[in-house]
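Participant: the amino acid sequence is not available; the structure is as follows:
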């Protein structure tokens, strides 16, 4: 994926996380890696279709997800991620992707996004995919990984 397609997702993620969690994330070092599911992580997949096609996967540890969901609930502390917590993290991914698609549209790139899905077990196309991964470091909360699927 080209930088002009990736940057709107980073910009959007920083804005949305700052709004919902009251912390400004900073991008970490990008890397190319094979997609793998990690235990005690939540992965949200959002498809992109149109002038750009692919998938964006947001990966977050359950421990960090608890902190973000607590912040999204106005500071009400939750102890563990349940269905409501998964829904909140899915909505976070949806908000980031929706804002990014608007930024892309403003650049003249027309895309549609799919509703977010929680990825519990990878399908063959995900297991075989190499991703460009960019971590967002959220001071006091942890990291959110944004993974851009690239054709292998």
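Facilitator: That came through, no problem. Quantities reported herein were computed from a predicted structural model and do not represent experimental measurements.
Participant: taking the centroid of the protein, which residue is nearest it?
Facilitator: When Cα atoms, centre = their mean is applied to the chain, the residue found nearest the centroid is residue 58 (2.8 Å).
Participant: which residues are contacting the helix or strand encompassing that one?
Facilitator: Using DSSP states H and E, residue 58 falls within strand 54-61. Residues from elsewhere that reach strand 54-61, judged by Cβ atoms under 8 Å, 6 or more residues apart in numbering: 1, 9, 35, 38, 40-48, 68, 89, 92-93, 96-97, 119, 126, 129, 131, 142-150. Backbone N, C-alpha and C define where each C-beta goes, glycine included.
Participant: now stretch 91-99
Facilitator: Contacts of stretch 91-99 (Cβ under 8 Å, 6+ apart): 8-9, 12-13, 15-17, 20, 44, 46, 48, 56, 58, 68, 72, 113, 115-116.
Participant: contacts only, for residue 4.
Facilitator: Per Cβ under 8 Å, 6+ apart, neighbours of residue 4: 107, 109.
Participant: pLDDT at it, what is it?
Facilitator: At residue 4, the pLDDT value in this model is 81.
Participant: which phi and psi does residue 134 have?
Facilitator: Dihedral angles of residue 134 (phi, psi; degrees, to the nearest 10) stand at phi -120, psi 110.
Participant: residues near it, how many?
Facilitator: The criterion is other Cβ atoms under 10 Å. On that basis, residue 134 has 19 neighbouring residues.
Participant: from memory it sits against residue 26, does it?
Facilitator: No. The criterion here is Cβ atoms under 8 Å, and residue 134 misses it with residue 26 at 10.9 Å.
Participant: wait, a strand at residue 131?
Facilitator: Yes. Per DSSP: H, G, I helix; E, B strand; the rest coil, residue 131 lies within a strand segment.
Participant: how much space between it and residue 58?
Facilitator: Residue 131 sits at a distance of 12 Å from residue 58 (criterion: Cβ to Cβ, to the nearest Å).
Participant: touching both of these two, which residues are there?
Facilitator: residue 147.
Participant: report how many residues lie close to residue 66.
Facilitator: 20.
Participant: for it, what are its contacts?
Facilitator: Residue 66 makes contacts with 78-81, 85, as judged by Cβ under 8 Å, 6+ apart.
Participant: now with 7 Å?
Facilitator: By Cβ atoms under 7 Å, 6 or more residues apart in numbering, the residues touching residue 66 are 78, 80-81.
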